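**Student:** Return a 3D structure for these sequence lines:
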Amino acid sequence: MSGKLVVLGRKKLLWTIALLAFVVAPLMVVTYSVPVVQISDNEAEMMMTYSSEKEGVKFIYPQGWLLKTEKYSDGDISENVTFSNPDGSAHGFVQVMLLKQPIPEYIGQAQKSMAPGYDSLQFSTKKVGEKSGYMLAYARGTGDARIIAAEYFFRQNEKVYRFSCFYPESQAEQYQKIFKEMLISLSYPAEKVPEKAGE
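**Tutor:** Below is the predicted model of the structure:
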């Protein structure tokens, strides 16, 4: 079989280029524009998962946020995971605490050592999904520098799991939604059931 070289005339060549432009160009536009719209509209697809091998703690956080983990072998804190958005204006942490005292007693002592200047203090019991615990909320500062703080404490066995978040009041609507998703996703090892004698 001999090879043949096909040469298109100028008219056919222009027609082919025009046809390709009308078919391929719209497909390229769709390929490059649709995912960007989907990503910006759906924050859930942008969430990552943190999982601790040591303590069994898990929670989601936004992609692009900075996480830092610190583990301790002694003291009241076993593990501390800090998180923050890229500019550091919204941040917080998850702690695994070894608290021997009741949570309300710990909060009462912590309030005494808080730096002056906070207001709108609220302390109450709180249920988040299946988790029952306590919430401490307060605000600090004025104007554009005003910061909202919310801290949650859940006891399981001998440990307390603490979720704390801080964000600008001016961006409360945006960050309340993100931190609520993170808090709801927080999970930790189930309660240990004591074994009965003879089992």
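
**Student:** tell me the secondary structure for Pro189?
**Tutor:** Secondary structure state of Pro189, per DSSP: H, G, I helix; E, B strand; the rest coil, is coil.

**Student:** Could you tell me how many residues sit around it?
**Tutor:** Pro189 has 12 neighbouring residues, counting by other CB atoms under 10 Å. For glycine as for every other residue, the C-beta is placed from the backbone atoms N, C-alpha and C.

**Student:** my guess is Thr125 is in a strand, correct?
**Tutor:** Yes. The assignment for Thr125 is a strand, going by three-state DSSP.

**Student:** Specify the beta-bridge partners of it.
**Tutor:** Tyr134 (DSSP bridges).

**Student:** Also Leu66?
**Tutor:** Beta bridges link Leu66 to Ser84 when assigned by DSSP bridges.

**Student:** Low-confidence bits of this protein, can you list those?
**Tutor:** The chain contains residues with pLDDT under 70 at 1-45, 192-199.

**Student:** What segments of this protein are helices?
**Tutor:** 10-41, 103-113, 172-185 (DSSP state H).

**Student:** Spatially central residue for the protein, please.
**Tutor:** Against the mean C-alpha coordinate of the chain, by CA atoms, centre = their mean, the closest residue is Tyr61 at 2.2 Å.

**Student:** how about the nearest residue to that one, chain neighbours excluded?
**Tutor:** Once flanking residues are discounted, Tyr61 sits nearest to Phe83: 5.3 Å by CB to CB, 6 or more residues apart in numbering.

**Student:** The one you found: what's it in contact with?
**Tutor:** 50, 61, 65-68, 91-94 (CB atoms under 8 Å, 6 or more residues apart in numbering).

**Student:** Next, find the distance separating it from Lys180.
**Tutor:** Counting by CB to CB, to the nearest Å, the separation of Phe83 from Lys180 is 14 Å.

**Student:** Likewise for Ala137?
**Tutor:** For Ala137 relative to Lys180 (CB to CB), the value is 13 Å.

**Student:** what about stretch 53-73, start to end distance?
**Tutor:** Counting by CA to CA, to the nearest Å, the length from the leading to the trailing residue of stretch 53-73 is 15 Å.

**Student:** what comes up buried for that stretch?
**Tutor:** Of all the residues in stretch 53-73, those buried under the rule 16 or more other CB atoms under 10 Å are 55, 57, 59-62, 65.
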